[in-house]
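*Asks:* build me a model from this:
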Amino acid sequence: MSSKFLLLGCSMMLAGVTMAQRPNVTISAGPGGAPAGDSSKKAPARTGPKAFKEVITDKAKAQKGFLNVYSLDEKYFLEIGDNILGRDLLIVSRLSKASSENTGSYAGDAINENVVRFEKGPDNKIFLRLVSSVTIGRDSTEGMYKNVQRSNVFPIAQAFPIAAFGENKKSSVVDITAFINGDNDILYFDSRRKRSVGISMMQADRSYVESVKAFAKNVEIKAVKTYSPAPPSGAAGAMASMFGASTTPVTLEVNSSIVLLPEKPMKARYFDDRVGYFTTRTLTDFDANPQGIERYNFIARYRLEPKPEDVEKYRRGELVEPQKQIVYYIDPTTPKKWIPYLIQGVNDWNVAFEAAGWKNAIVGKLAPTAEEDSTFSLEDASHSAIVYKPSDIPNASGPHVHDPRSGEIIESHVNWYHNVMLLLRNWYMVQAAPNDPRARKMEFDDKLMGELIRFVSSHEIGHTLGLRHNFGSSSTVPVEKLRDKAWVEANGHTPSIMDYARFNYVAQPEDNISDVGIFPRIGDYDKWAIDWGYRWFGEYADADAEKAMMNKWTIDKLKNPRLWWGDGESNRDDPRSQTEDLGDNAMKASDYGIKNLKRIIVKLPEYTKEANKDFTGLKDMYGQVTSQFGRYIGHVSRNIGGIERTPKRQEQAGPVYSYTAKTTQKEAFAWLNTNIFKTPTWVINNDITAVTGTDPKTVIGNLQNTALGNLVNARTWTNLLSAEDQDPAKTYRLSDLVSDLRGSIFTEATAKTNVDLYRRSLQKNYIDRLIALANPAPAPAPVSSGGLTIFMGAGGLSKTGDGISIAKAELRSISGLLRAASPTANAITKAHYQDILDRITKALDPKQ
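*Replies:* Residues are numbered from 1 along each chain as shown. You can find the predicted model right below:
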């Protein structure tokens, strides 16, 4: 990567999601409502650039920055130095004031990102080009650099006539008034984002520019925009037309930051799927492979480099401070009692940066007030911040903005929604109340809530540093260690705070484990991930040069299983990589979890008691307990049909893919039979249902359906058939699963005993799921993949595979079983069996 290269295009991280940039740009109403750039109106004759003093008179207010800004008579001018022409500029737009009731958006929300360049055009114009694709050609004698240039022309998004040249003749002055007053998808909303927040046309007579401010590396444009509401589409639109859709306009304040990207991009580091980082958009390189192309990503990370005088100290292993510290400012509107905890959540990451050789690499600070610094703004894209939002959303998120050329994180805004405290209270009560008396009430003490806020702050800051979730981290911990007070308090219940392993629900009251062993913390994986991404290797010129070293280093470190990433956050087949789970054995961990839920459920009326309130809190927390039980069911179910993936390089021994062991799958099914297919009567609490109106049959039915849905579906069945094909002697086969399900769910028919209310519901639900697989609705059109045509059948099962055959055979087996059991059954059981037989008959022979 040391040779000069051409980067065509970009993609930004917006709210943690990669957004491809758009080449089409619309510019609508300018001052006075006239469309900007309207070719139907004859333009006045040009006289060419004027003298600087004629345009920028003594009355103009001047601001110096990388782009000088001048304001005069409600007009705004930019002075663009020749040294800025051709430089990459990142434009980040956020709402600085929002209309949450009408749009569902909040102050601080990012609404748009683009990379642009200014360049001189003919006829004394400055062009604004939108960088819109990602392709690389290296500038070398034999490279594809020039061909790539010719094949990827950046669209010209806007043309500005040069009003004057700078006094030194090394800059151009352009009038940007129409551009910033109008509605365009460079600075403001694009059409897709408009639809998402329910707005349409900008109303020019009710929109204006609040301010334009210049800084050393950024320009901040703040504009008030009023939009017409967008008419609803589809059925909602038809109803709105009948009854009159809202015509209330939506007024928002948008802050657009134009940020000068580094002239020399930060040295990039290639993404490696053995360590979890967010990345740039996939780059296509025409020169990396002499006989083809290469596609790859760079990781997203802040630029940390030692000061010149500290380079040798760093190389000797001494901790040094980076040239530029990572700073997160806390929104001053945040309730004061939570600010210290948010700051501590930021500062906690220093222990991880120390593993990478950095001292005081990151710090949290309260943002200065307007009185302390009138130039400071949280919307400024040169500042990272935790923004407090008065929202009922029970969540927080940590998006970031990065340089698409190198992955360098420019800034991040953590969205901190007020109602995240509700989520924290719910989690902590149902997972920790047996071990922590502070969790046994509806309103936690400030100290406890502060500690919970600190944990979430650390997790979200981890995302803004570039780290993705590590859902597999907790699976590396032996379950019994979670009950070992000394061990768990020393090591934590998961090696990563980036896991969704909220609190140690395995710990039992008799273990006497303190909150140190209950709470998540920055652990071994987090330290390794920061070390891997942020360690400075000045001896290597570029990402290519360090590639072999990084691979060898990674292979060596991953001999420690606690440093496993867990194959990311989207692998639905690997039972080791799950959310909200703990330990290396879901069955054992869930047994301990249920013991604690049984302790909690009988105490809920006491825990949720609040003076002068109804039973809504009790109903909600009862729902939280049953939801937690549902999570345990999900954790165990995922072991059946599991395919485990451990990313490797060719230098590493062993398989990448392997099937979950047969013994583990059979253990999982036995757990499901014991804990959910046999009616979990502990969930039924008459003291709760009598005052909340909750229907126990519905609750238990939903929980049983969770288990059935995880077992009786095309994905699980296909995985089981695939495993059987690979190693029939050592695998848990699909025929084993359906046989076990029949024996578990239709125990009464085999024993010729009557079926109770809960079990009748379970049996009908199971039959309906089997029927859906055996006799589905008409299949969609054939799917083409990799040159093959795949004919899909029942719920995604292949029509040429064995899944449909096994489903039909199982329906016939159950039919025979019920016919034999029916004569000795009581009236309701007999009617129940006949109903199932009718359903099976219709499914197997629709003409019936």
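*Asks:* pLDDT below threshold where in the protein?
*Replies:* Judged against pLDDT under 70, the low-scoring parts of the chain cover residues 1-47, 100-104, 132-152, 232-246, 776-795, 848.
*Asks:* and the longest helix for this structure?
*Replies:* Scanning the chain for the helix with the most residues, using DSSP state H, yields helix 616-637.
*Asks:* pull the distance from it to the chain's centre.
*Replies:* Between the mean C-alpha point of helix 616-637 and the mean C-alpha point of its chain there is a distance of 23 Å (C-alpha atoms, centre = their mean, to the nearest Å).
*Asks:* likewise stretch 692-699?
*Replies:* Taking C-alpha atoms, centre = their mean, one finds stretch 692-699 lying 33 Å from the centre of the chain it belongs to.
*Asks:* what's the first-to-last distance across that stretch?
*Replies:* Using C-alpha to C-alpha, to the nearest Å, the span of stretch 692-699 from its first residue to its last is 13 Å.
*Asks:* stretch 378-390 too?
*Replies:* Span of stretch 378-390 from end to end, C-alpha to C-alpha: 16 Å.
*Asks:* got the buried residues for that stretch?
*Replies:* By neighbour count with 16 or more other C-beta atoms under 10 Å, stretch 378-390 contains the buried residues 378-389. (C-beta placed from N, C-alpha, C; glycine too.)
*Asks:* and residue 210, what is it in contact with?
*Replies:* Taking C-beta atoms under 8 Å, 6 or more residues apart in numbering as the criterion, residue 210 is in contact with 222-224, 253.
*Asks:* so it: helix, strand or coil?
*Replies:* strand (DSSP: H, G, I helix; E, B strand; the rest coil).
*Asks:* please enumerate the strands of the stretch 51-200 of the chain.
*Replies:* Under the criterion DSSP state E, counting those that start in this stretch, the stretch 51-200 of the chain contains strands at 61-63, 68-72, 75-81, 89-97, 110-121, 125-130, 135-138, 156-165, 171-175, 199-202.
*Asks:* ok, the third one: who's next to it in the sheet?
*Replies:* This means strand 75-81. Strand partners for strand 75-81, identified by DSSP bridges, are recorded as strand 68-72 (antiparallel), strand 171-175 (antiparallel).
*Asks:* tell me how far the closest residue to residue 158 other than its chain neighbours lies from residue 191.
*Replies:* If the residues on either side of it in the chain are set aside, residue 158 comes closest to residue 128, at 4.3 Å by C-beta to C-beta, 6 or more residues apart in numbering. Counting by C-beta to C-beta, to the nearest Å, the gap from residue 128 to residue 191 is 19 Å.
*Asks:* who's more crowded, these two?
*Replies:* The residue with more neighbours, out of residue 128 and residue 191, is residue 128; 25 against 12, by other C-beta atoms under 10 Å.
*Asks:* hmm, back to that, what does the helix or strand just after the longest helix of the chain contact?
*Replies:* The first helix or strand that comes after helix 616-637 along the chain, using DSSP states H and E, is strand 643-645. Around strand 643-645, the neighbours that count as contacts under C-beta under 8 Å, 6+ apart are 567, 571, 573-576, 656-660, 719, 722-723.
*Asks:* residues contacting the closest residue to residue 59 other than its chain neighbours?
*Replies:* For residue 59, ignoring the flanking residues on the chain, the nearest one in space by C-beta to C-beta, 6+ apart is residue 72 at 6.0 Å. In this structure, residue 72 makes contact with 56-57, 59-61, judged by C-beta under 8 Å, 6+ apart.
*Asks:* which strand or helix spans residue 455?
*Replies:* Applying DSSP H and E, one finds residue 455 within helix 446-464.
*Asks:* packing partners for that helix?
*Replies:* For helix 446-464, the elements it packs on are helix 339-347, strand 384-389, strand 396-397, strand 409-417, helix 420-432, judged by 3 or more C-beta pairs under 8 Å, 6 or more residues apart in numbering; DSSP states H and E.
*Asks:* in that helix, which residues are buried?
*Replies:* Residues of helix 446-464 classed as buried under the neighbour-count rule (16+ other C-beta under 10 Å) are 448-464.
*Asks:* correct me if wrong: residue 527 contacts residue 351.
*Replies:* Yes - distance between residue 527 and residue 351: 7.0 Å, which falls inside the contact criterion (C-beta atoms under 8 Å).
*Asks:* follow-up on the earlier one: kindly reformat the strands paired with strand 75-81 as TSV containing distance to residue 808.
*Replies:* Compiled in TSV, the strands paired with strand 75-81 are given as follows (distance: least, C-beta to C-beta, whole Å):
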stretch	distance to residue 808
strand 68-72	74
strand 171-175	73
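*Asks:* out of the ones you listed, nearest to residue 327?
*Replies:* Across these, residue 327 has its closest neighbour in strand 68-72 (25.0 Å, C-beta to C-beta).
*Asks:* from the chain's centroid, how far away is that closest one?
*Replies:* With C-alpha atoms, centre = their mean, you get 40 Å for strand 68-72.
*Asks:* on that earlier part again, in the longest helix of the chain, what's buried?
*Replies:* In helix 616-637, counting by 16+ other C-beta under 10 Å, buried: 617-619, 621-622, 624-626, 628-637.
*Asks:* quick check: residue 357 touching residue 535?
*Replies:* Yes - look at residue 357 against residue 535 with C-beta under 8 Å: they come within range, at 6.2 Å.
*Asks:* can you report how many residues neighbour residue 418?
*Replies:* By other C-beta under 10 Å, 17 other residues sit near residue 418.
*Asks:* next: residue 369.
*Replies:* The local packing count at residue 369 equals 10, with neighbours defined by other C-beta under 10 Å.
*Asks:* let's verify it: helix, strand, or coil?
*Replies:* Following three-state DSSP, we place residue 369 in the coil state.
*Asks:* and the gap between it and residue 415?
*Replies:* When distance is defined by C-beta to C-beta, residue 369 is 22 Å away from residue 415.
*Asks:* same deal with residue 347?
*Replies:* For residue 347, the distance to residue 415 equals 20 Å [C-beta to C-beta].
*Asks:* the two: who's more crowded?
*Replies:* When residue 347 and residue 415 are compared on other C-beta under 10 Å, the one with more neighbours turns out to be residue 415, at 24 against 19.
*Asks:* next, count neighbours for the nearest residue in space to the more buried one that is not next to it in sequence.
*Replies:* Nearest non-adjacent residue to residue 415, counting by C-beta to C-beta, 6+ apart: residue 397, 4.7 Å away. For residue 397, the neighbour count with other C-beta under 10 Å is 16.
*Asks:* you'd agree residue 397 is up against residue 464?
*Replies:* No - because the distance of 9.6 Å does not satisfy C-beta under 8 Å, residue 397 is recorded as not touching residue 464.
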